[in-house]
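Asker: Predicted model follows, preceded by the sequence.
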Amino acid sequence: MCQESEPQSSSKNPYLYLAPIKGVTDALFRNIFHHHFDGIDAAVAPFIPPQTKTFFNDKTLADILPQNNIRKPVIPQLLHTSPKDFLILATRLEDLGFTHINWNLGCPAPMITKKKRGSGLLPYPDKIISLLEMVIPRLKVQLSIKTRLGYAKKEELLHLLPSLNNFPLKEIIIHARLGTQLYRGETDPEGFAACQQISHHTLVYNGDIYDRNTFESLAARFPEINRWMLGRVILMNPFLAEEIKGLPEESLTKRMERLYSFHDDLYEQYQEKLWGPGHLLGRLKQLWMYLIYSFPEREKRLKKIKKSTTTAQYLDNIQRIFDI
């Protein structure tokens, strides 16, 4: 299994995470993405759904098994709110050789938050602290937290952070939005700056780093921050991590060739893994909701992709998109 390597402390050499996006950034996607595009240093996997079992078998944990993640380090993510269940899974992950796990306090999905999980737990800081008090002394791995500025108001995280200073967390990844915003509206760098003033931990900035200019602006604003997370934006522009790291620019033709090769590999691998054309097209259409942004003036093609009911129709529409 790939292990994380610590970055040099320099905004010119940023450490870049691939964000967990449920239904998209699974192990198969991550391996193919890392094969075709450079710049990402590690990925946080989509959260492992809480189970009532006392043991997580290989099938349940297939997405994060070391043999299924061969190109870049992957950090498993837990969603549990029960200390007992948290420790059961954490121990299983330790046995698999992981040295870093992540606790999800950021998911904004209503079906998650209504159960007081993800960002829905942020209004209840006592529950968060109670779990950490019971869990951390028994962990053999490093624990990080992925969170938001709050669920309904940013004072929630500001209230929590002083208490988190008492725990030996590896880092805290902060998506600069509220949970109730989902992925709508503007991010709040000022809210992140307020957290930076309070927290003693290493912080990771997450949220709407759309291009290299946006990154450089944020890097100048937060010179102490050297870890960044890229989510939906890197699905819109798979070259973004390369651009941020200043890798040599390529011609539009070369980029299109790389995107086409990436899609071709992804299509073939999904075709082997997924059950039937409906499942295959559903997964690919979800990706194209983002990837279409790499093709200016081709947004109308997205409608045709979404209306594809056969693989032949789908592939014909894809070919037309790449015919430039």
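Answerer: Ah, there it is. Residues are numbered from 1 along each chain as shown.
Asker: Outline the domain layout of the chain.
Answerer: Per the record's domain assignment (automatic domain parsing), the chain is made up of the domains 15-244, 252-322.
Asker: what's the span of the longest one from first residue to last?
Answerer: The reference is to domain 15-244. Across domain 15-244, the terminal residues are separated by 10 Å (Cα to Cα, to the nearest Å).
Asker: Report the distance from it to the chain centre.
Answerer: Mean-position distance between domain 15-244 and its chain equals 7 Å (Cα atoms, centre = their mean, to the nearest Å).
Asker: For it, what does the pLDDT average out to?
Answerer: Domain 15-244 shows a mean pLDDT of 96 in the predicted model.
Asker: same deal with stretch 281-290?
Answerer: Across stretch 281-290, pLDDT averages out at 95.
Asker: Output the domains of the chain as a markdown table; include the columns mean neighbour count.
Answerer: Just so you know, the C-beta spots here come from the backbone N, C-alpha and C atoms, and that holds for glycine as well. Listed next are the domains of the chain as a markdown table, based on neighbours: other Cβ atoms under 10 Å:
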| stretch | mean neighbour count |
| --- | --- |
| domain 15-244 | 18 |
| domain 252-322 | 15 |
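Asker: OK, contacts around Val44?
Answerer: Tyr17, Leu18, Ala19, Pro20, Val74, Ile75, Gln77, Asn102, Lys146, Ile173, Met229 (Cβ atoms under 8 Å, 6 or more residues apart in numbering).
Asker: Looking at strand pairing, list the partners for it.
Answerer: Counting by DSSP bridges, Val44 forms beta bridges with Ile75.
Asker: I'd like the next helix or strand past whichever strand or helix holds Tyr260.
Answerer: Assessed by DSSP states H and E, Tyr260 sits inside helix 252-273. Toward the C-terminus, helix 252-273 is succeeded by helix 276-291 as the next helix or strand (DSSP H and E).
Asker: Show me what the helix or strand that comes right after that following helix packs onto, helices and strands only.
Answerer: Proceeding N to C from helix 276-291, the next assigned helix or strand is helix 299-307, under DSSP H and E. Using 3 or more Cβ pairs under 8 Å, 6 or more residues apart in numbering; DSSP states H and E, the elements in contact with helix 299-307 are helix 276-291, helix 311-322.
Asker: Can you tell me what sits against the longest one?
Answerer: Meaning helix 276-291. Helix 276-291 has contacts (Cβ under 8 Å, 6+ apart) with 23-24, 232, 235-236, 238, 259, 263, 266-267, 270-271, 274, 302, 305-306, 308-311, 314.
Asker: could you redo the last one with a cut-off of 6 Å?
Answerer: If you take Cβ atoms under 6 Å, 6 or more residues apart in numbering as the criterion, helix 276-291 is touched by Arg232, Leu235, Met236, Tyr270, Gln271, Leu274, Ile305, Lys306, Thr311, Tyr314.
Asker: for the last one, same thing?
Answerer: By Cβ under 6 Å, 6+ apart, the surrounding residues in contact with helix 311-322 are Tyr260, Pro277, Leu281, Phe295, Arg298, Arg301, Lys304, Ile305, Ser308.
Asker: how about those residues in a markdown table, adding distance to Tyr151?
Answerer: Putting the contacts of helix 311-322 into a markdown table (distance: Cβ to Cβ, whole Å) gives the following:
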| residue | distance to Tyr151 |
| --- | --- |
| Tyr260 | 41 |
| Pro277 | 39 |
| Leu281 | 35 |
| Phe295 | 36 |
| Arg298 | 37 |
| Arg301 | 37 |
| Lys304 | 38 |
| Ile305 | 34 |
| Ser308 | 38 |
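Asker: closest to Ile225 among those?
Answerer: Lowest distance from Ile225 to the contacts of helix 311-322 (Cβ to Cβ) belongs to Phe295, with 31.6 Å.
Asker: which non-adjacent residue is nearest that closest one?
Answerer: Take Phe295 and drop its neighbours on the chain: the residue closest to it by Cβ to Cβ, 6 or more residues apart in numbering is Ile321, 5.7 Å away.
Asker: how near is the one you found to Lys303?
Answerer: Distance from Ile321 to Lys303, counting by Cβ to Cβ, to the nearest Å: 12 Å.
Asker: Between the contacts of helix 311-322, which sits nearest Leu87?
Answerer: Once Cβ to Cβ is applied, the member of the contacts of helix 311-322 that ends up nearest Leu87 is Leu281, at 40.1 Å.
Asker: This protein: helices as residue ranges?
Answerer: Along the chain, the stretches classed as helices by DSSP state H are 27-36, 83-95, 110-113, 125-135, 155-164, 189-198, 212-221, 232-236, 240-244, 252-273, 276-291, 299-307, 311-322.
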